[in-house]
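**Student:** based on what follows, work out the 3D shape:
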Amino acid sequence: MMGILPLLTVFIMQFAADFKSGEELETVRNLVYSAKEIARMEGGFSAELRRSLANDIEERLSLDPGSVLVEAANAAGSVGRYDEENRIDYTVRVKLPGTMAGARFMGIGEEKNEITYVIDSFTTSEYLGGY
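**Tutor:** Model (predicted):
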């Protein structure tokens, strides 16, 4: 029985780690959604918007600089009407460390105890070209 107690403790700690990870993922989703809405109005993700999104995520989650990568292609379509070229593709990758509780106890090093959360999606541009 005493041999199982440390293992059960890890499971209890994992519940807290899962809750924390869920909160972090929700924060990332909310920040990406807000940036996506700005990109829709502006016709795409400007360099400033990409930089701002990455900085906001890193700041809110206390991540190391460079933990967030934002890639986006701006819409190249016609102004004022929808066509396939009004599509804005974007990908956001966030490295989240420490996702497994008791990793060292299980023999998992810090470099492997992380996940990369990826949002790979698109939206359509609503930019009307200054109208």
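
**Student:** who does residue 117 bridge with?
**Tutor:** Beta-bridge partners recorded for residue 117 (DSSP bridges): residue 94.

**Student:** would you confirm that it contacts residue 96?
**Tutor:** Yes: applying C-beta atoms under 8 Å, one finds residue 117 in contact with residue 96, separated by 5.9 Å. (C-beta placed from N, C-alpha, C; glycine too.)

**Student:** what about the strands in this protein?
**Tutor:** 68-73, 87-97, 114-124 (DSSP state E).

**Student:** distance to residue 52 added to those, as TSV?
**Tutor:** Shown next, in TSV, are the strands of the chain (distance: least, C-beta to C-beta, whole Å):
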stretch	distance to residue 52
strand 68-73	9
strand 87-97	12
strand 114-124	16
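
**Student:** give me the low-pLDDT residue ranges for this protein?
**Tutor:** For the chain, applying pLDDT under 70 flags the ranges 1, 74-85, 128-131.

**Student:** repeat the analysis, applying 80 as the threshold.
**Tutor:** Across the chain, the ranges flagged by pLDDT under 80 are 1-8, 10-11, 73-86, 100-107, 110-111, 127-131.

**Student:** please, where are all the helices along it?
**Tutor:** According to DSSP state H, the chain carries its helices in the segments 5-42, 47-61.

**Student:** that older thread, got any residues that touch both of residue 117 and residue 96?
**Tutor:** Shared contacts of residue 117 and residue 96, defined by C-beta atoms under 8 Å, 6 or more residues apart in numbering, are found at residue 25.

**Student:** returning to that earlier point: quick check: which of the helices of the chain is nearest to residue 103?
**Tutor:** Taking C-beta to C-beta, helix 5-42 is the member of those nearest to residue 103, at 9.3 Å.

**Student:** buried residues in the closest one, which are they?
**Tutor:** Of the residues in helix 5-42, those with enough neighbours to count as buried (16 or more other C-beta atoms under 10 Å) are 17, 21, 24, 25, 28, 31, 32, 35, 36, 39, 40, 42.
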